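Q: Sequence first, then the predicted structure:
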Amino acid sequence: MGEEAGGYGFDFGGGGGGYGGYDGRVTEWETGLPGCDELTPLSQPLVPPGLAAAFRIPPEPGRTLLDVHRASSATVSRLRSTSSSPSSGNGHAGTHANGGSFPSFPGKGAAAGDDSGNRDSNSAESAGEKAAATKRARLVWTPQLHKRFVEVVAHLGIKSAVPKTIMQLMNVEGLTRENVASHLQKYRLYVKRMQGLSNEGPSASDHIFASTPVPPSLREPQVPHAAAMAPAMYHHHPAPMGGVAAGHGGYYQQQHSGHAVYNGYGGHGHGGGVSTYPHYHHGDQ
DNA sequence: GTCGCAATAT
DNA sequence: AATATTGCGA
């Protein structure tokens, strides 16, 4: 197999189009577009400060050339892989009317509770689109996201809780199978380790896993629950789901009513927040 | 192709 | 430290 040529296989070669490499420009796409001098400078906000203030629009984050480049890379990459057709097993999994969660970046204080009405700020693709990054920043498993994960796993039962299914039931936009697989792998180790030391507390390095208690059903083999695999017949949740709605439509969905202020998570005991945004950490690390 | 797991990379 | 990636045998 052709080893990757430096990270993320942007192998455009296949096309037969007249271009090569995402790095190069597709000149056909540029004809008719405004020239550089006709465009609003990156440094200039689209909405005049005064107007923004009048409507209480949060100040726009500065966009750098790098942001733009990332965004366009993302777009290009999305154009070539517009697959997302799970078509796996459940003929129902296709209910992709994703009303739910989507990526954001904790560049500034995003991971804290302080964003008031703040959408994701950083990178250029806003969540309203189905744009997820190719460069895909590292997913941050927030307690909320992990909770969702645990709930799905618990309802699937150990035997059915495989990455692909989990990913589908979590219904979090931008979440990949590998994200889940990686997390699941660690989670299993965590659960196993916790069983060994049944009366020890989780160690400091497990804070994410410790943020949601391991459901008893996950601590021993248990037959898969038929209902868990039949979304249409989905019934109540044993556990409260906070802002993440166990839709009465019979499927996991996050209700996206208005805003989803990120719930900072300090202790626990408030089951309030809507927050199941996956956070990404863009990785210039 | 997906899964699971360990090793390894970032 | 937390995730991602990879390799390989189911």
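A: Received it, and whenever you're ready, just let me know what you need.
Q: Please identify the buried residues of the lengthiest helix in chain A?
A: Of all the segments of type helix in chain A, defined by DSSP state H, the longest one is helix A:177-196. Taking 16 or more other CB atoms under 10 Å as the basis for neighbour counts, the residues of helix A:177-196 that come out buried are A:177, A:179-180, A:183-184, A:187, A:190-191, A:194. Every residue, glycine included, has its C-beta placed from N, CA and C.
Q: Grab the nearest non-local neighbour of A:V214.
A: A:V191 (5.4 Å; CB to CB, 6 or more residues apart in numbering).
Q: list the contacts for the one you found?
A: Contacts for A:V191 (CB atoms under 8 Å, 6 or more residues apart in numbering) come out as A:214, A:218-219.
Q: Which one (most neighbours) among those?
A: Neighbour counts for the contacts of A:V191 were taken using other CB atoms under 10 Å; the highest belongs to A:L218, which has 20 neighbours.
Q: any idea how far A:R56 lies from DNA strand B?
A: 39 Å (CB to the nearest atom of the strand, to the nearest Å).
Q: Under a three-state scheme, what state does that residue occupy?
A: With DSSP: H, G, I helix; E, B strand; the rest coil as the basis, A:R56 sits in coil.
Q: What about it, how many residues nearby?
A: When neighbours are defined as other CB under 10 Å, A:R56 has 8 of them.
Q: What pLDDT does the model give it?
A: The predicted local distance difference test score for A:R56 is 78.
Q: And for the one 3 residues further on?
A: What the model reports for A:P59 is a pLDDT of 66.
Q: and if you look at A:D23?
A: In the prediction, the pLDDT value recorded for A:D23 is 50.
Q: Also A:S217?
A: In the prediction, the pLDDT value recorded for A:S217 is 89.
Q: Not counting sequence-adjacent ones, nearest residue to it?
A: The spatial neighbour of A:S217 that comes closest, neighbours along the chain excluded (CB to CB, 6+ apart), is A:A154 at 5.5 Å.
Q: next helix or strand past the helix or strand harbouring the one you found?
A: Under the criterion of DSSP states H and E, A:A154 resides in helix A:143-156. Beyond helix A:143-156 in the direction of the C-terminus, DSSP H and E gives the next helix or strand as helix A:163-170.
Q: Report all helices and strands that that next one contacts.
A: If you count contacts as 3 or more CB pairs under 8 Å, 6 or more residues apart in numbering; DSSP states H and E, helix A:163-170 packs onto helix A:143-156, helix A:177-196.
Q: distance of the closest residue to A:E178 other than its chain neighbours from DNA strand B?
A: If the residues on either side of it in the chain are set aside, A:E178 comes closest to A:P163, at 7.6 Å by CB to CB, 6+ apart. Distance, A:P163 to DNA strand B, using CB to the nearest atom of the strand: 4 Å.
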